[in-house]
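> I would like the atomic coordinates for the input below:
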Amino acid sequence: MMNRPAAAAIVFSLALAGCAGERLSDGLFASGSQPEPAYTGSIRPQVDMTGRWVLVSPGRGQCNMNFGGGPGAPNGGIAPEGGCPGNFFTSRNWNFEQAG
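As a prediction, the model looks like this:
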């Protein structure tokens, strides 16, 4: 039968492996597999940003904005329709950034 410190060490190791998002056995039984290389292509938005967007804030009303650019474009122009405060946007362009 296993003593308590050894059992605690095993449970602790399994918990750490779970926090890492990997299986504990991956490193023990690896057969020379290499990690996949990082994606090196251009960053494209998952949604189409172009078109008319209505931005709403409770108690403040709404702001209508037109986002220009082709389908799946990572950047484009902005044309406010009205209702937007003057300091709401400082540029007439938008850029999609992966970091958000």
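> How is this protein partitioned into domains?
1-31, 51-95 (automatic domain parsing).
> Just the residues contacting stretch 58-75, thanks.
The contact list for stretch 58-75 (Cβ atoms under 8 Å, 6 or more residues apart in numbering) reads 42-45, 48-57, 76-85, 88-89, 93-96. For the C-beta atoms, the positions are set from N, CA and C on the backbone; glycine is no exception.
> hmm, which of the residues you listed are the buried ones?
For the contacts of stretch 58-75, a neighbour count by 16 or more other Cβ atoms under 10 Å gives the buried set as 49, 50, 76, 78, 80, 84, 94, 96.
> Taking the residues you listed together, which two end up most distant?
Farthest pair in the buried ones among the contacts of stretch 58-75 (Cβ to Cβ) is 84 and 96. Separation: 20.4 Å.
> the helices in this protein, which residues?
Taking DSSP state H to define them, one finds helices in the chain at 4-19, 25-28.
> Residues in a beta bridge with residue 75, which ones?
Taking DSSP bridges as the rule, residue 75 bridges to residue 95.
> ok, it to residue 5 distance?
Distance, residue 75 to residue 5, using Cβ to Cβ, to the nearest Å: 58 Å.
> Strands of this protein, residue ranges please.
For the chain, strands defined by DSSP state E occupy the ranges 51-57, 61-67, 75-82, 93-95.
> Adding mean pLDDT and distance to residue 13, write these out as CSV.
Listed next are the strands of the chain as CSV, based on pLDDT from 0 to 100; distance: least, Cβ to Cβ, whole Å:
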stretch, mean pLDDT, distance to residue 13
strand 51-57, 83, 49
strand 61-67, 84, 50
strand 75-82, 81, 47
strand 93-95, 76, 44
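> The ones you listed: which one's closest to residue 10?
Among the strands of the chain, the nearest to residue 10 by Cβ to Cβ is strand 93-95 (49.3 Å).
> and the closest one, what other elements does it pack with?
strand 75-82 (3 or more Cβ pairs under 8 Å, 6 or more residues apart in numbering; DSSP states H and E).
> what about dumping the CA coordinates of the strand it packs on to CSV?
C-alpha atoms of strand 75-82 as CSV (Å, rounded to 0.1, in the frame of the first residue of the first chain):
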residue,chain,number,x,y,z
ASN,A,75,-8.7,46.9,-42.6
GLY,A,76,-10.9,49.5,-44.1
GLY,A,77,-12.6,52.9,-43.7
ILE,A,78,-15.2,54.2,-41.3
ALA,A,79,-18.0,56.6,-42.1
PRO,A,80,-20.1,57.7,-39.2
GLU,A,81,-23.8,58.4,-40.0
GLY,A,82,-24.7,60.4,-36.9
